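Asker: sequence first, predicted model second:
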Amino acid sequence: MSLTSARKTTLIGTAILLVALVAAWMLVLSPRSDAVAAVNAEVTAAEEANQALRVQIEALRARQAQLPELREVSKALDRRFPPTAEQAKLFKMITAAAAQAGIAPQHLASMTMDPPAAVGAAGTSAQLPGVSAPIGQIAAQKLTINVSGTPSQIRAFVGNLEKLPRAFAVNTIGFVQQAAGTSPTEDVSTAPDAQTVTITGEMFVMPKVEDPAASSKTG
């Protein structure tokens, strides 16, 4: 074989090899490279999604750890601000507060309660610790109490009212003047220094605080 023929053969072989390499790249290596790149992109996206889930899980765990405390706050709020008037129970509380002050039940001459009315403007913050409900969802009920007793008994009674399990705000205390020469009735204390007073105040009602765990199960 001559030198020229050998060179031609080498060139042809080289060309065939190059064509084979190009064909291999186009048909095999390039698609595989694209597939690897796609897989890497999916792995990156999965890692980012997993990180986001880990953050959410940590946040949920933190909230779950707070649930016992929040449930106690919720129960306390339900006691202080019940969802309904519970008038009979309230009158029992007031009668007990009077008895603790030494005032007999018959000396609570009368107790009247107005229907609930919204407090403040809608959308305004309630300004109550742990209460996220807007003030428009909290209603107040005006309560009027006529009671007879000594000054010390009246002071103790007012103090007991402000310590009731339900929130009670004393607004006014007015003394009732008894006509001269009028003998006390059976609902008026006969103590020498007894006074008859009218106490007005407000009780409050608020929608029940929902358990976040219960709402998440139903949602």
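Answerer: Nice, thanks for sending it over. Quick caveat: nothing in here was measured; it's all calculated off a predicted structure.

Asker: can you show me the strands along this protein?
Answerer: 108-113, 117-118, 139-149, 168-175, 195-205 (DSSP state E).

Asker: CSV for those, including distance to L161 and mean neighbour count?
Answerer: From N, CA and C alone the C-beta is placed, and that goes for glycine too. Below are the strands of the chain laid out as CSV (distance: least, CB to CB, whole Å; neighbours: other CB atoms under 10 Å):
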stretch, distance to L161, mean neighbour count
strand 108-113, 11, 15
strand 117-118, 20, 11
strand 139-149, 8, 21
strand 168-175, 5, 13
strand 195-205, 7, 19
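
Asker: which of those strands sits closest to L90?
Answerer: strand 195-205 (6.5 Å; CB to CB).

Asker: all helices of the protein, in order?
Answerer: Using DSSP state H, the helices of the chain run over 3-24, 30-80, 87-100, 151-161, 212-218.

Asker: before we move on, back to that, right, and the strands of the chain - which one's nearest K89?
Answerer: Closest among the strands of the chain, using CB to CB: strand 195-205, at 11.0 Å.

Asker: what is that closest one packed up against?
Answerer: Applying 3 or more CB pairs under 8 Å, 6 or more residues apart in numbering; DSSP states H and E, one finds that strand 195-205 contacts strand 139-149, helix 151-161, strand 168-175.

Asker: to I199, which of these lies closest?
Answerer: The minimum distance between I199 and those falls on strand 139-149, with 4.5 Å, by CB to CB.
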